[in-house]
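Colleague: Got a sequence here, can you model it:
(4 chains)
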Amino acid sequence: MDKIQLGEFIKSINPDLEIKEGKQYIEVSIPPSKLYILAKELREKEETQFDFLFCLSGVDYGQDLGVVYHLRSTKFDHVVVLKTRTTDRDHPQLDSVADIWKTADFHEREVFDLLGIKFTNHPDLRRLFLDSSWGFPLRKDYVDDINIVTK
Amino acid sequence: MLFDIVDVNSSPSLSDPWWKVFYDFSSLTHKIDSSLHNAMSQFWTTIAEMLIIGVLILLFYALIGLFLVYAERKVCAFMQNRLGPNRVGPFGIFQTIADLFKLLFKELIPIKNADSFLFNLAPFIVIIASFMAIAAIPFAKGLHAIDLNIGVLYVIAVSAMGVIGVLLAGWSSNNKYSLIGAMRSGAQIVSYELSVGLSIITIVILAGSMQLSEIVEAQRTGWFIFKGHIPAFIAFIVFLVSSTAETNRGPFDLAEAESELTAGYHTEYSGIKFAFFFLAEYINMFIVASIAATVFLGGWMPFNVGHWDGFNHVMDFVPPFVWYIGKTFFVIFIMMWFKWTFPRLRIDQLLTLEWKYLLPINLVNVLIMAFLVLMGWHF
Amino acid sequence: MRSIIDYLKEIILGVWSLLKGMKVTGSYFFRPGTIITQKYPNNRKDLVMFDRFKGEVVMPHNEKNEHKCTGCGICEINCPNGSIEIISKSILTEDGKKKRAIDKHIYRLSMCTFCALCVKTCPSNALAFSQEFEHAVFNRALLIKTLNKPGSQLMKGVE
Amino acid sequence: MEEKVKNITTDEQQEYVINMGPQHPSTHGVLRLVVSLKGEIVKSVQPHIGYIHRGIEKMCESITYPQIIHLTDRMDYLSAHINNEAVCLTVEKALEVEIPDRIKVIRTIMSELTRIQSHQLWWASFGMDLGGLTCFFYGLRDREKILDIFEETCGSRMIVSYNCPGGLMYDIHPNFQKRVKEFIKYFRKILPEYDQLLSGNVIFHERSKGIGKLTLEDAVSYGITGPSGRASGFSCDVRKHEPYSAYDKIKFKEILFTEGDTYHRYIARIDEMWESMNIIEQLIDNIPEGPYAVKMKPVIKLPEGEYYQRVETARGELGVFIISDGNKSPYRVKFRSPNFVNLSVLNHIAKGFKIADLVAIGGSLDLVIPDIDR
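Modeller: Below you'll find the model as predicted:
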């Protein structure tokens, strides 16, 4: 499947999705509530088989926090990008995909550590790099007067 | 009467060339013994002799320890394509002495929650075990601290005592790595003691004696490794492998295993107490190497070939002490070669090697040797 | 019988593989000529570094004590760690105009990561790398260096 | 109910928890593994990381694109050049700059040299993990030759910073080709010695065969890439699947095994060294003429958007994900570092093996800790 067919196929799974053809990959924006179901379908559907989650990055978009999932299928070699956002900055919560792709375990812990996004149903959600008294350094509003020098 | 132990049969006769008389230390020791007897009573003579031997062995011990550490560092350096110690003195020969001073001046760190009595005792047990074993080794004809009639058994028994020190050290330091190291060491020594014993038994069958001086004397016509055909050679290989394991050296250094257990049983030791463990390791290596040299390679006997009289005379001319040291260092070199080539075994593989390979080979080997001796098929 | 042969074969092959390993180390033991160790502090005199070696940033001066630095500050902007600081002054040129010139080009060696961006981006090629690599000092303050020599001037013809 | 609680406590009492690291000879850096043991058997391994977390991703948000290069050197310091290349390729892709062939070829040669030297150091330290201390010196001795080539051309040995957006910092040194050819000749002779010393050794076979098995399914699910993943049969070589630089012009084969144990992870890397030498030999004699860098704007600003570039480092797939808002510094940079992902599988494959195997498995995954922490 090429990019356009893939986009159409994902559209056929869930017609409400906002699908954008990015410069490199197909980008699918999805509300947090539908993320897990779509992820599981993309993983299990015979036509897509996205079995390799090669990047999971948390992004602070200023107003809202989001997570970007880069998925690849080792069988068909096609890539899709899932994007999800939550507007709740104080208690952001997303569904964990750690039981679909095991690699998400560490990636989600990293996102939790650096951006403070909680992943429900995560097997072992602890902070990964920093200790618990630390803030969430990858957020744009993070202040550290000692270590961050602004010119 | 410590010196009065030389076999009468092998004492030099007038027909021997002068150097054979000269190289025989028994007359010298007899002379010292009798002059001491003339000077003082029996009791004080024994005390004085013990003191002399004690001091001599202590000196020898320290020298061998220092030299072996240096030798190991140089050997491993050359094998690893580098120079090794080269700063302190010419070719770095004073490096180990400098290290010794460093270790002497280092702080002895007391370990919190350690069993301090056992913690302090352990290095002494290790070092005393190695010290005791050195007493029974024949360095040259008549140069013997004590020639027990069960010399072989004594050396094996005493050198195995060191493991108690290792176990105590590992247990008392209250460190998890140390404990694992000590437990490994225990399992290892218990099993490998068997192989060491059996491989020596093979030769004891051939020699018909357990007295080390007699075993050496029996090799006057040819070293046992040549005399005993293939079984003796196999026994030698098995002895090399299992004695390497018994001294906790690589590739069997599981008790230390620095990539797994940092430093194993001596992780918590510092300063001179660490130096004791370190020294004991090298002395143990020297002891097993000298046992190998004595039992398999003819001890202080020179290398003689059949009827090549000229060659044999030249060989006889080399002092027996030099022969002995040369053979020992040859074995030590092979052990160092093992250590700096092979990766380390895992604990279960270590035991597999012993129980599945060395032990059956050994048992069959003993049978074959006994058969050979019964048939009189050896040289 | 089969198993006994396998057992013996296993032993012999195992020992053979060990001997092959010992051959490698043993051959090096008897060939000390292959040793490549350099006796470092002793060979300091004939130790030649490669001409591109990034030792530390220097400002080459010619024999008239002139350098090429105009004090534009591009190196300061490009340095990712802020290890360069330029203190400029204004001087009067010969024709009576006021002009910005460098007073001190401060270089903090302790913060430098040798990324070469300052040398690369300097528009007048005023900076270069020296081959000096022994940077250890007892006083941390000595690592803050002023690159332009005292009393140095801007080279003629460099803008 | 009460009995169940009691059972749990006795089970926990039987567990023997040791801390491997942060300072431990086999973790190669400040990695802390909390290992629960039962006897010598590993029950679970919990990695605790972050001891050298420097916040490179956060730092990138306040500096310009050329300045990011020198930070990527310090992530996976053994694949420094490949990391640089990843960022440069992302920036070039975003700006749609056409890169001349000369730059591509030089980058490829340097990448492969980086891969070889990284594998040499890995071989050295892996041998040391298994107790063969001599390996360490042989590995480093041969690595020195590549580092000298780097030093002559790039000015530094490990942290090369040789790439910049649009090309290279300098042209290659006149001696470069000669030295690389000399090295290849030398290393083709030396590499069989590695086999004699370690790979063919019966003790090594015992220590590594069947240890730490990772199935293909798990490798994909955990995202294990690089030689570790390819040993399990996971065809994940980015050089093949998404060729960058000059990889589309050359012939090489992807090293694939199916067993996925420590031994095959080892063999995969040894074979990769051979393959890298083949790649270099194909390119070293035909470096095209041309400029060594494309003229870029003094201030590089990426057009708004998201850019993802994957490269194959010595340890696996490195992804650079840049979100740009059109400014001179990126809005968000994410490095999908191979070691971080590879570490996550450690608990899964080391379970049930002995503590000595844990060391061997950890060594065969070839972890570089600064890349885990970033």
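Colleague: From now on I want contacts and neighbour counts done on CA atoms only, so please keep to that.
Modeller: Will do.
Colleague: check contacts around residue A:27.
Modeller: A:19-21, A:80-83 (Cα atoms under 8 Å, 6 or more residues apart in numbering or on different chains).
Colleague: remind me which residues of the chain are low pLDDT?
Modeller: Just going to use chain A. Along chain A, the model assigns pLDDT under 70 to residues A:1, A:149-151.
Colleague: not what I meant, chain B
Modeller: For chain B (pLDDT under 70), the answer is B:1-25, B:142, B:228, B:304, B:306, B:378-379.
Colleague: In it, what residue comes closest to chain A?
Modeller: Distance from chain A to each residue of chain B (Cα to the nearest Cα) is smallest for residue B:260, at 24.6 Å.
Colleague: In which helix or strand does that residue reside?
Modeller: helix B:258-261 (DSSP states H and E).
Colleague: does chain D sit close to that helix?
Modeller: Yes. Looking at helix B:258-261 against chain D by Cα under 8 Å from any Cα of the partner chain, the contacts come from B:258-260.
Colleague: List the buried residues for that helix?
Modeller: Buried residues in helix B:258-261, counted by 16 or more other Cα atoms under 10 Å in any protein chain shown: B:258-261.
Colleague: Just list what it packs against, helices and strands only.
Modeller: Helix B:258-261 sits against helix B:176-207, helix D:101-129, helix D:355-365, with contacts defined as 3 or more Cα pairs under 8 Å, 6 or more residues apart in numbering or on different chains; DSSP states H and E.
Colleague: got the angle for the next helix or strand after it vs helix B:176-207?
Modeller: Of the helices and strands lying after helix B:258-261 in sequence (DSSP H and E), the nearest is helix B:271-295. Interaxial angle of helix B:271-295 relative to helix B:176-207 (axes from the mean of the first three to the mean of the last three Cα atoms, to 10 degrees): 20 degrees.
Colleague: Put the alpha carbons of the following helix or strand past helix B:271-295 into PDB.
Modeller: Note on helix B:271-295: by DSSP H and E, the next helix or strand toward the C-terminus is helix B:309-317. The C-alpha coordinates for helix B:309-317 follow below in PDB (Å, rounded to 0.1, in the frame of the first residue of the first chain):
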ATOM      1  CA  ASP B 309      76.500 -39.000  27.900                       C
ATOM      2  CA  GLY B 310      78.000 -35.600  26.900                       C
ATOM      3  CA  PHE B 311      74.500 -34.000  26.900                       C
ATOM      4  CA  ASN B 312      73.700 -35.700  30.200                       C
ATOM      5  CA  HIS B 313      76.900 -34.400  31.800                       C
ATOM      6  CA  VAL B 314      76.100 -30.800  30.700                       C
ATOM      7  CA  MET B 315      72.600 -31.200  32.100                       C
ATOM      8  CA  ASP B 316      73.900 -32.600  35.300                       C
ATOM      9  CA  PHE B 317      76.200 -29.700  35.700                       C
END
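Colleague: which is the next helix or strand following helix B:309-317?
Modeller: From helix B:309-317, the next helix or strand downstream (DSSP H and E) is helix B:320-339.
Colleague: Can you name every helix or strand that the helix or strand following that next one contacts?
Modeller: On the C-terminal side of helix B:320-339, the nearest following helix or strand under DSSP H and E is helix B:347-352. If contacts are counted by 3+ Cα pairs under 8 Å, 6+ apart, helix B:347-352 sits against helix B:176-207.
Colleague: Name the next helix or strand following the helix it packs on along the chain.
Modeller: Using DSSP H and E, the helix or strand that follows helix B:176-207 towards the C-terminus is helix B:212-217.
Colleague: and that following helix, what other elements does it pack with?
Modeller: helix B:271-295.
Colleague: what about the helix it packs on, distance to the chain center?
Modeller: In terms of Cα atoms, centre = their mean, to the nearest Å, the centre of helix B:271-295 is found 6 Å from the chain centre.
Colleague: what does stretch D:105-115 give?
Modeller: 14 Å.
Colleague: Just the mean pLDDT for that stretch, thanks.
Modeller: Stretch D:105-115 carries an average pLDDT of 89.
Colleague: hang on, the earlier thing: dump the contacts of residue A:27 to JSON lines, plus neighbour count and secondary structure.
Modeller: Converted to JSON lines, the contacts of residue A:27 look like this (neighbours: other Cα atoms under 10 Å in any protein chain shown; DSSP: H, G, I helix; E, B strand; the rest coil):
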{"residue": "A:19", "neighbour count": "18", "secondary structure": "strand"}
{"residue": "A:20", "neighbour count": "13", "secondary structure": "strand"}
{"residue": "A:21", "neighbour count": "13", "secondary structure": "strand"}
{"residue": "A:80", "neighbour count": "25", "secondary structure": "strand"}
{"residue": "A:81", "neighbour count": "22", "secondary structure": "strand"}
{"residue": "A:82", "neighbour count": "20", "secondary structure": "strand"}
{"residue": "A:83", "neighbour count": "22", "secondary structure": "strand"}
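Colleague: hmm, who's touching the longest strand along chain C?
Modeller: Assignment by DSSP state E gives strand C:98-108 as the longest strand of chain C. Residues outside strand C:98-108 that contact it (Cα under 8 Å, 6+ apart): C:57, C:69-71, C:83-93, C:143-148, C:154.
Colleague: rerun that using 7 Å as the cut-off
Modeller: The contact list for strand C:98-108, computed with Cα atoms under 7 Å, 6 or more residues apart in numbering or on different chains, reads C:70-71, C:83-93, C:143-148.
Colleague: elements contacting the longest helix seen in chain C?
Modeller: In chain C, with assignment by DSSP state H, the single longest helix is helix C:2-29. If contacts are counted by 3 or more Cα pairs under 7 Å, 6 or more residues apart in numbering or on different chains; DSSP states H and E, helix C:2-29 sits against helix B:42-79, helix D:202-208.
Colleague: What average pLDDT does the helix or strand just after that helix get?
Modeller: Tracing the chain past helix C:2-29, the next element assigned as helix or strand by DSSP H and E is strand C:56-58. Strand C:56-58 carries an average pLDDT of 87.
Colleague: For residue C:27, which non-adjacent residue is closest in space?
Modeller: With sequence-adjacent residues excluded and distances taken as Cα to Cα, 6 or more residues apart in numbering or on different chains, residue C:27 is closest to residue B:79, at 7.9 Å.
Colleague: what sits against that neighbour?
Modeller: Applying Cα under 7 Å, 6+ apart, we find residue B:79 in contact with C:25-26, C:28-29.
Colleague: Next one: it from residue D:192, what distance?
Modeller: Note on residue B:79: its distance to residue D:192, by Cα to Cα, to the nearest Å, is 17 Å.
Colleague: now swap in residue C:129 and tell me
Modeller: Counting by Cα to Cα, the gap from residue C:129 to residue D:192 is 40 Å.
Colleague: Any idea how many residues pack against residue D:135?
Modeller: 29 (other Cα atoms under 10 Å in any protein chain shown).
Colleague: hang on, it in a helix?
Modeller: Yes. Per DSSP: H, G, I helix; E, B strand; the rest coil, residue D:135 lies within a helix segment.
Colleague: Just to check, it is in contact with residue D:122?
Modeller: No. When contacts are counted by Cα atoms under 7 Å, residue D:135 is not listed as touching residue D:122 (10.2 Å).
Colleague: Chain B contacts on the stretch 251-374 of chain D?
Modeller: Taking Cα under 7 Å from any Cα of the partner chain as the criterion, the neighbours of chain B within the stretch 251-374 of chain D are D:356, D:359.
Colleague: which residue ranges form the strands in the stretch 251-374 of chain D?
Modeller: Ranges of strands in the stretch 251-374 of chain D, per DSSP state E, counting those that start in this stretch, are D:305-312, D:317-324, D:332-336.
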